[in-house]
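Novice: dropping the sequence and predicted coords here.
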Amino acid sequence: MSRARQPPLVTGISPNEGAPWTKVTIRGENLGTGPNDLIGLSICGHNCLLTAEWMSASKIVCRVGPAKDDKGEIIVTTRSGGNGTSTVSFKLLKPERIGILDQSAVWVDEMNYYDMRTDRNKGISPLSLRPSNPLGIDIDKGRVPLKDLEQMFPEMSGDFTSENFSATWYLIENHSSTSFESLRVAAGNLKKQASKKNEGSLAYVKGGLSTFFEAQDALAAIHQKLESDGTEKVEGSMTQRLENVLNRASDTADALFQEVLGRKDKADSTRNALNVLQRFKFLFNLPLNIERNIQKGDYDVVINDYEKAKSLFGNTEVPVFKKVYAEVEMRIGALRSLLLDKLLETPSTLHDQKRYIRYLSDLHASGDPAWQCIVAQHKWILQLMQNCKDDYIKEQRAGGMGLDLDGDPRPSALSRISHMSSVKRGGSFQTPRDDSWNYKSPQQVRFVEKLTDVVISQLPNFWKLWISYVNGSLFSETGEKTGQVEKFKRNARQRQNDFKGMIEEVTRRLVQLVRGALLPSSLTDSELRLYGGWDNKTPLTGPWLTQIIHTVRLSHEALCALEIPNDLLQVIQDLLLDLRVYCLLTTLQQTADDVKRLAEKEDWVVDNEGITSLPAQFEQCMVQMLQSLKEPLECKPGEVNIFQLDQVQNQACELFLSITKVFISCLEQLSVKTDSRADASHISVDVPSPDLFGSVHEDFSPRPEQHLLIILSNCQYLEKHTFLNLAQHLEKHSFTTTDKITRVAIMAVRELDERLFESYIEKKADPIVGSLEPGIYAGYFDWKDCLTPTGVRSYLKEVLVSLIAVHAEVFTVSKELVPRVLSKIVEAVAEEMCRLMMCVSSFSKNGALQARLEICALKDALSCYLTSESQSSFKQAMEVLPQLQGGTDKKLLEELLNKFKSSMHLQLTCFQPSSVQPVKR
């Protein structure tokens, strides 16, 4: 078995003897592993576990109880080792106790005794010295209720010191279960105690008999001498002479000891004065002690001494005591004034405020110090807010760079509440703030943060001070005993409306100062003179307004956490609503300005889909704008969705539509742009188109027609992708007019697309259409008189080459535009051919065959781009021509068509469906 589990062994005790309740130190081995392991300790058979204090495995300190045995062992019991043994013993001394009726040669102080159990002097009644167990046997309290005993023995008592003592009551109450033999032994103990007291009294009388006999003999001798002299009744008798002698002896003694007695009386007077000073030195030293303790700041000591002096000497009639007590009162009055000044001093902590209020309450200061402190704190908070506004306006007018007005390097209350939480913003706000942030931010932003920091840092302590005032926790137990707490609670209940007005004034002042800096139009002229004065020539941008909304929200959450009633904070909610609306409208207006400048960023670099970066830049600008509005548009608990307000909804919709109109206007301006710079304005394609004629290079300066093509391609992308993506973002951010915005934007871009497309077709189709008639009749060609056809004439090939050039130009920009552009040009060509054929009065056989050959060649070459209109035009042109007469003409027509297709196979390939698919970005 390990050493930790061996039974306890006591090897020493110090002291080894003593009276009950003597403090002893027990030493030994294996005395337990801890306080919980010690489960038993007995000395001389008495259980001392209650007073035991386990120090270590080799040391225990306890007090010896009133054991029955005079000498015995020390037994320690532990959970881990069980019952222990002892190699030493303790001797219990039982001094005889002197009762109140016992004779003693010394004075016994019955009003004060020393309690060794608690190391304290206790005042007791003399009756408490009576024996607790007069019968000398174990007391066994019965279960008979006291009420039943009172009914059984009316007007009697079980207290053996009472005049109405009832022995039967005492036995039933204390020995109801005691056996008869034990009671018989108890009766014998009573007899022994009575006989012992009688013997003590008789011995006392016997010891003083000799003195009485001597006194009796002396008196008898004097009486016999006087009788034998017989002159006790005669003048000059021995008795008279004895009296004279005694008087002279007394006078002589008085003369001899007059000086000594005088000095004795003076010494007695001095001794009495010193006794008075010593006895009442507390009062005489109190003024000086009060002054010293005030200087040291020990106000609790001063208050305790004052309460003690007031209870002892407050109603004294002794002049010297009254004089000293008056000086004490004077110094306490000065202390009250000092504490009140400290209480009303600003700034101060909540802890100091509570402390000074408690001191003034204990000193019974006049008035209501707690309410005076609340009023002073309210005025100070308002003054701080006004000073904050004045300092920032002064700095703005002085052209300051945003230096920290306080120079306090500690984090603000606002930053502690937000726990360094960052706000999602665009631009420079995406990075954490550095030391130069104060130099970059506008005065209004820093003012709002400083103002809210003032409110958040001061208002919580102000509110907590009021709560402590209401529930009475500001006052000490002394105040509760004197009824001051109830008095102040009544005052607090009566002043609830006044305090509510204070909180309302602070929040209203906060809101008005913020409105004066950011929303001056929401204030009246009188309010603007008080809370305005800012230079608002440069309006704040959306990210800064978002930062301000974040700041105001944090302050509102901090005030809500104090459980301030919602009606007092409603003005802050109204401010937040106005700030959110203002931020939304301002951001939309500023976004319109940003979109207007996008035209300057157009680099004319197209991708495989034929679009430049402009639509992506527009979409990115709008998405960033919506992301910056995420926090202002978000509805916190208790806030209103700003899109539920009809006026705001309409204004936002109009501004958003104006943004799209601005962008479409930018596109229209770019479509007619002619000042392209060769070093920056060029077309670059990801997959170059076929270089058929060596005239189209990978990099070349765009012409006006190419501007139109690029803008047309951008318009198509806007309609099919960008506006639909923006609609999704708008719905994600809870815009309620998304459908209207999308519909109007698509209509606007379609109108622009139609205008630009018509302009481009006009520029490309007119030259081609205009070349048909001169080409047909070149060389004085006549349909009535012409040779047999040998092939397609040159004018038609020139038309096809022109179409191929248009195809190449469009394909270079956007493959998707090719069918749309060529189909429209083919319609114009077909219509012109139809008109020219209808204008011919008559055809010869060879003329009809030549016309049919050219129309079929043109129709077959452009078959991929024929529309119902162009097919109708070609059909009408064919109907005008005379029908072929025989199979020879048809065969010749077919051969000439095949020859044409074979000779221009390479050129006509571009009109076939392309196998090259555009690369998606």
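Specialist: Arrived safely, thanks for sending.

Novice: neighbouring contacts of stretch 371-385?
Specialist: 340, 343-344, 346-347, 353, 356-357, 451, 454-455, 458-459, 461-462, 465-466, 469, 491, 495, 499, 502, 505-506, 509-510, 513 (CB atoms under 8 Å, 6 or more residues apart in numbering). For glycine as for every other residue, the C-beta is placed from the backbone atoms N, C-alpha and C.

Novice: pull out the buried members of those residues.
Specialist: Buried subset of the contacts of stretch 371-385 (neighbour count, 16 or more other CB atoms under 10 Å): 340, 343-344, 353, 356-357, 451, 454-455, 458-459, 461-462, 465-466, 469, 495, 499, 502, 506, 509-510, 513.

Novice: which parts of the stretch 551-700 of the chain are strands?
Specialist: 683-684, 699-700 (DSSP state E, counting those that start in this stretch).

Novice: by mean pLDDT, which helix or strand of this structure comes out lowest?
Specialist: None of the helices or strands of the chain scores lower by mean pLDDT, DSSP states H and E than strand 112-115, at a mean of 42.

Novice: so Gly136 is in which element?
Specialist: Using DSSP states H and E, Gly136 sits in no helix or strand.

Novice: separation between it and Val185?
Specialist: With distances taken as CB to CB, to the nearest Å, Gly136 is found 8 Å from Val185.

Novice: which residues touch Asn289?
Specialist: 301-302, 305.

Novice: try 6 Å
Specialist: By CB atoms under 6 Å, 6 or more residues apart in numbering, the contact list for Asn289 is empty.

Novice: distance of it from Arg331?
Specialist: Here Asn289 is placed at a distance of 10 Å from Arg331 (CB to CB).

Novice: do the same with Ala255
Specialist: In terms of CB to CB, Ala255 sits 53 Å off from Arg331.

Novice: tell me which of these two has more neighbours.
Specialist: Arg331 (18 against 9; other CB atoms under 10 Å).

Novice: remind me which helix or strand that one belongs to.
Specialist: Using DSSP H and E, Arg331 falls within helix 319-344.

Novice: now the longest helix anywhere in the chain: mean pLDDT?
Specialist: For the chain, the helix with the greatest residue count under DSSP state H is helix 238-279. Here helix 238-279 scores 78 as its mean pLDDT.

Novice: what of stretch 22-33?
Specialist: Per-residue scores along stretch 22-33 average to 91.

Novice: any idea how far it is from the chain center?
Specialist: 53 Å (CA atoms, centre = their mean, to the nearest Å).

Novice: the buried ones among the contacts of stretch 371-385 in strands, which ones?
Specialist: Nothing among those maps onto strands, per DSSP state E.

Novice: show me where the stretch 301-450 of the chain has its strands.
Specialist: So, for the stretch 301-450 of the chain - with DSSP E, counting those that start in this stretch - there are no strands.

Novice: give me the below-cutoff pLDDT ranges for it.
Specialist: Along the stretch 301-450 of the chain, the model assigns pLDDT under 70 to residues 399-439.

Novice: how does it look with 80?
Specialist: For the stretch 301-450 of the chain, applying pLDDT under 80 flags the ranges 396-441.

Novice: what do you get for the stretch 501-650 of the chain?
Specialist: 533-539, 599, 602-604, 606-611, 638, 642-644.

Novice: now the stretch 701-850 of the chain, which segments are flagged as low pLDDT?
Specialist: If you take pLDDT under 80 as the line, the stretch 701-850 of the chain has these spans: 701-707, 733-734, 736, 779.

Novice: go through the helix holding Arg331 and flag the buried ones.
Specialist: 321, 324-325, 328, 331-332, 335-336, 339-340, 342-344.

Novice: how about Glu869: what's its closest non-neighbour residue?
Specialist: Distance criterion CB to CB, 6 or more residues apart in numbering; nearest residue to Glu869, sequence neighbours excluded, is Glu827 at 5.0 Å.

Novice: gap between Gln876 and Ser870?
Specialist: Gln876 sits 11 Å away from Ser870, taking CB to CB as the criterion.

Novice: cool, thanks, talk later.
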